[in-house]
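Colleague: can't give you the sequence, but here's the structure:
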């Protein structure tokens, strides 16, 4: 009898994180600003920020932070005439969470579908933050004739590795999945760089992600499939086609290694790089106005050269 009870308890413990995930709901789209479009992989939520007309910036957010992270920076870019398109990557914000490995090709297809739907043909500034910088780099290299310039903020994909407990979860199927679903919410909430957010209620928006169906699975799939993307060829293509690449980093970033600046410069000799002294990893939402001002000066410099 005792053995049966222990077995039942063990099975209940194994099932617990999956039951909790099953009981979650998709995001409530009735409260969402912006618009929705049905694309080839699922529904995508997007918004236009800034002036009605002007050169277009397509902004791609990171691993866990949905599109509201761009609001402060988009306003600053709007003040200098840029119109910013923001959207939620699959599994984040108000977009669907389709199944399948979330590698670079997965997110490229979403961006391709959205840009095609909106008839954005050329002269685009593609801007990516953290994981989104990987998507931006690969997509820009594949769509050179559409791209005016590329902006990378706290870019992932340059020597970032997960070690210890986090790395074990990423690299271990089944048991790693179970631990991820059980502990990811608590661990990731503690890592959110929301102490100096320029975006109102961003911490609450971020917390809400952990209560939506599909979010945790999307994060784990991305961790397993996109961060090892080889950016050597895409960055070389951008360099060869003389498409300007601007990279901005936070000096206090404890997620991206210090070697990332050198790695990026080695892969694209003409990259323009700046470091914001008191910033961490959350550049778009902690220092959005300063990042926009820095980017503006970087662009001015190359026009004078």
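Modeller: Now that the structure is in, tell me what you want to look at. Since the model is a prediction, treat every value here as computed from it, not as a measurement.
Colleague: use CA for all of it now, contacts and neighbours both
Modeller: Noted.
Colleague: Quick check: residue 276 touching residue 282?
Modeller: No. Using CA atoms under 8 Å, residue 276 makes no contact with residue 282, being 11.4 Å away.
Colleague: Tell me which of these two has more neighbours.
Modeller: Neighbour count, other CA atoms under 10 Å: between residue 276 and residue 282, residue 282 has more, with 25 against 17.
Colleague: give me phi/psi at that one?
Modeller: Dihedral pair for residue 282: phi -90, psi 40, per degrees, to the nearest 10.
Colleague: quick one: it from residue 178, how far?
Modeller: Separation of residue 282 from residue 178 (CA to CA, to the nearest Å): 28 Å.
Colleague: Output the below-cut-off pLDDT ranges for the stretch 1-150 of the chain.
Modeller: 7-8, 10, 12-13 (pLDDT under 70).
Colleague: Tell me where it has strands.
Modeller: Using DSSP state E, counting those that start in this stretch, the strands of the stretch 1-150 of the chain run over residues 35-38, 43-49, 56-60, 83-87, 124-129, 147-153.
Colleague: in stretch 79-88, what's buried?
Modeller: For stretch 79-88, the neighbour count (16 or more other CA atoms under 10 Å) marks 81-88 as buried.
Colleague: With stretch 227-234 instead?
Modeller: Residues of stretch 227-234 classed as buried: 227-228, 231, 234 (neighbour count, 16+ other CA under 10 Å).
Colleague: for stretch 22-36, same thing?
Modeller: By neighbour count with 16+ other CA under 10 Å, stretch 22-36 contains the buried residues 26-27, 36.
Colleague: Pick the one among the buried residues of stretch 79-88 closest to residue 164.
Modeller: residue 88 (29.9 Å; CA to CA).
Colleague: wait, the closest one sits on residue 46?
Modeller: Yes. Taking contacts as CA under 8 Å, residue 88 lies within contact range of residue 46: 6.5 Å.
Colleague: still on that earlier bit, now tabulate the buried residues of stretch 22-36 in CSV and tack on distance to residue 265.
Modeller: Shown next, in CSV, are the buried residues of stretch 22-36 (distance: CA to CA, whole Å):
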residue, distance to residue 265
26, 41
27, 40
36, 38
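Colleague: where along this protein do the helices fall?
Modeller: Secondary structure of the chain (DSSP state H): helices at 2-23, 71-79, 104-117, 131-142, 164-171, 175-191, 202-209, 215-225, 232-240, 260-267, 283-286, 288-304.
Colleague: quick one: which of these is nearest residue 93?
Modeller: That would be, of these and by CA to CA, helix 202-209, which comes in at 6.9 Å.
Colleague: helices or strands next to that closest one in the packing?
Modeller: Counting contacts by 3 or more CA pairs under 8 Å, 6 or more residues apart in numbering; DSSP states H and E, helix 202-209 packs against no other helix or strand.
Colleague: how far is it from where the chain is centred?
Modeller: In terms of CA atoms, centre = their mean, to the nearest Å, the centre of helix 202-209 is set 15 Å apart from its chain centre.
Colleague: With distance to residue 40 as new columns, can the helices of the chain be given to me in a markdown table?
Modeller: Output for these, formatted as a markdown table (distance: least, CA to CA, whole Å):
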| stretch | distance to residue 40 |
| --- | --- |
| helix 2-23 | 25 |
| helix 71-79 | 27 |
| helix 104-117 | 7 |
| helix 131-142 | 17 |
| helix 164-171 | 28 |
| helix 175-191 | 27 |
| helix 202-209 | 23 |
| helix 215-225 | 17 |
| helix 232-240 | 24 |
| helix 260-267 | 33 |
| helix 283-286 | 29 |
| helix 288-304 | 32 |
